[in-house]
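J.: pasting the structure only:
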């Protein structure tokens, strides 16, 4: 009997490359087969070999399910107490309580006791945070003593992070010495309790790249060790009692690589000062990709983020409700957020494999690139004086703001797509009304905000006049010529709540009367480059003569720009244009209500 034919015959890399070059038909191999990310990583279409850490001991990774830690910061204590009970009954492993102005308004141990009256403090980990975390730690100590909970049986963490508070704008850099003194007191008060949480996830929510998030976290760890050494507290006492909070988002590959790189980077840092290499990673679902437009889409973003945290090796995970865009989540939203990581752990069994991405050439490659770039950026921060100095000078805040603005511009240009917002918008979907921003939202940057602003303007006009703001779409030639750009234009304008009107195709004789009949003030010409060459000028002239306040062309003008502008074309919309800027100019003419 003949041996079966191998269904997957081996081939060489050279053969593959030759086939790709043939298929590309003269187009650049480098441009087509490599992708550059916002972080500056280069992602090959095909990963072809092991690219991993060349030196160092294996990095320890968790082999038990991550803890689901639900965050509570509602300034209404009655609501907070209700939600705490729901979370614990619903399977949450612990609580993250945030104290300070705009957060939980607790003022003493009695108030904290009332909030946690139904919580078994000997079993439920309580993680603290916020500007008043140190005070809350003292209140919690009082409760533990009153309930006879032994020091070694007090699960949770105190969540102090002096540098994180400065970065978030909750305190000034001038307050750092007092905050480090406070941190020392708490470290010495309970030699076995986790006290420090490095809140790099704040950098994530401010829009920075994974490189800034990781390098800034390393710089914060080193700066905190130094500040405590000056206060006669050795890093060996601090290192086992810190956790590192990192943001995770719906970019699965990048979020997985970020967590894996964080372990490698911390191990490298710890080896340099002869400390244990392991660190507790607390993954926090970032809300910079959350949108108020059809918030149910945020369920998918939370699921993808939670999956990334699981595969990336997080020890703890804090999700957020899909409707927790800037205000508090509903009970339904919190339930979904809580259940997602629980299902991933106990039904999908994702926690049964340590470092599930390990060994994948793709993941090892991007993890290695990210770790190297972050380490170089960390060294640069150190050479510039360290994070304390950079925060005091405002240089770190300016750097994060600059990178955040660059990311926002990428979103406005739709190079960072947001499904249901900047990609595939549906004008029938719900848009949450703008809430009073909670304390976290004030220091975060959501990529959907520019689009939400214009969607709400369009919705208000619909509510007050019965009609959405509209733009006349002047299609030219057969559908095969204008279809792609007509669809592109319709989708682009819909991101801002604007619809297109007009039953084309048109010519120079019919476009003017039809434009007048539409009642629109703005027109967009859409067709192929071949038709544009001889039709844009007469069509633009006809539209202007018929009262068009603004005439745009879908596509880049190339060598025709001067002639088309002279004929009446005001601007152009194309792949990569600043959509928010375009919508701003359009609404000035469309006249939507603010």
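T.: Yep, that arrived. Computed from a prediction, not measured in an experiment: that's the story for all the values here.
J.: who does the helix or strand where residue 246 lies pair up with?
T.: Element membership for residue 246 (DSSP states H and E) is strand 242-248. According to DSSP bridges, strand 242-248 forms sheet pairs with strand 194-199 (parallel), strand 280-285 (parallel).
J.: just give the number of residues close to the residue nearest to residue 536 when sequence neighbours are not counted.
T.: Of all residues not flanking residue 536 in the chain, residue 564 sits nearest, at 5.2 Å (CB to CB, 6 or more residues apart in numbering). C-beta coordinates here come from the backbone N, C-alpha and C atoms, glycine included. Residue 564 has 20 neighbouring residues, counting by other CB atoms under 10 Å.
J.: can I get the strands paired with strand 242-248 in JSON lines with mean pLDDT?
T.: Formatted as JSON lines, those follow (pLDDT from 0 to 100):
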{"stretch": "strand 194-199", "mean pLDDT": "96"}
{"stretch": "strand 280-285", "mean pLDDT": "96"}
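J.: any chance of those strands in JSON lines, plus distance to residue 507?
T.: Formatted as JSON lines, the strands paired with strand 242-248 follow (distance: least, CB to CB, whole Å):
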{"stretch": "strand 194-199", "distance to residue 507": "61"}
{"stretch": "strand 280-285", "distance to residue 507": "53"}
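J.: wait, which of those is closest to residue 447?
T.: Closest to residue 447 of these is strand 280-285 (CB to CB; 14.8 Å).
J.: which residues are in contact with the helix or strand following the closest one?
T.: Downstream of strand 280-285, the first helix or strand assigned by DSSP H and E is helix 297-312. Outside helix 297-312, the residues that touch it by CB atoms under 8 Å, 6 or more residues apart in numbering are 66, 248-252, 255-260, 281, 283, 285-286, 289-291, 317, 319-320, 322-323, 325, 336-337, 340-341, 344-345, 350-351, 356-357, 419-421.
J.: narrow these to those in helices?
T.: Among those, the residues falling in helices (DSSP state H) are 252, 255-260, 336-337, 340-341, 344-345.
J.: right, and residue 535 touches residue 526 too?
T.: No - proximity of residue 535 to residue 526 does not meet the contact threshold set by CB atoms under 8 Å, at 11.0 Å.
J.: can you list the low-confidence ranges for the stretch 1-150 of the chain?
T.: Applying pLDDT under 70 to the stretch 1-150 of the chain flags residues 1-8, 50-63.
J.: for it, just list every one of the helices.
T.: 13-24, 29-33, 77-89, 109-115, 133-146 (DSSP state H, counting those that start in this stretch).
J.: find the residue at the geometric middle of the chain.
T.: Centroid-nearest residue in the chain: residue 288, 3.9 Å away (criterion: CA atoms, centre = their mean).
J.: ok, it touching residue 449?
T.: No - using CB under 8 Å, residue 288 makes no contact with residue 449, being 9.7 Å away.
J.: what's the helix or strand for the residue nearest to residue 536?
T.: Counting by DSSP H and E, residue 564 is found in helix 561-567.
J.: next: residue 533.
T.: Going by DSSP H and E, residue 533 is in helix 529-545.
J.: which helices and strands does that helix pack with?
T.: strand 470-475, helix 479-494, helix 511-518, strand 522-526, strand 550-554, helix 561-567 (3 or more CB pairs under 8 Å, 6 or more residues apart in numbering; DSSP states H and E).
J.: contacts for the helix holding residue 564 next, please.
T.: Here helix 561-567 makes contact (CB under 8 Å, 6+ apart) with 536-538, 540-541, 553, 557.
J.: let's see that with 7 Å instead.
T.: Here helix 561-567 makes contact (CB atoms under 7 Å, 6 or more residues apart in numbering) with 536-537, 540-541, 553, 557.
J.: quick one: buried residues of it?
T.: 564-565, 567 (16 or more other CB atoms under 10 Å).
J.: any chance of the residues you listed in a markdown table with pLDDT as columns?
T.: Listed next are these as a markdown table, based on pLDDT from 0 to 100:
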| residue | pLDDT |
| --- | --- |
| 564 | 96 |
| 565 | 96 |
| 567 | 95 |
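J.: what is the strand or helix carrying residue 166 packed up against?
T.: Residue 166 is part of helix 162-167 when elements are defined by DSSP H and E. With contacts taken as 3 or more CB pairs under 7 Å, 6 or more residues apart in numbering; DSSP states H and E, helix 162-167 sits against helix 176-189, helix 210-229, helix 387-393.
J.: deepest of those helices, which one?
T.: helix 210-229 (a mean of 24; mean count of other CB atoms under 10 Å).
J.: which residues are contacting that helix?
T.: Here helix 210-229 has contacts from 39-40, 163, 180, 183-184, 196, 198, 200, 203-204, 235, 238, 244, 246-247, 254, 258, 261-262, 265, 269, 370, 373-374, 377-378, 381-382, 386-388, 400, 403, using CB under 7 Å, 6+ apart.
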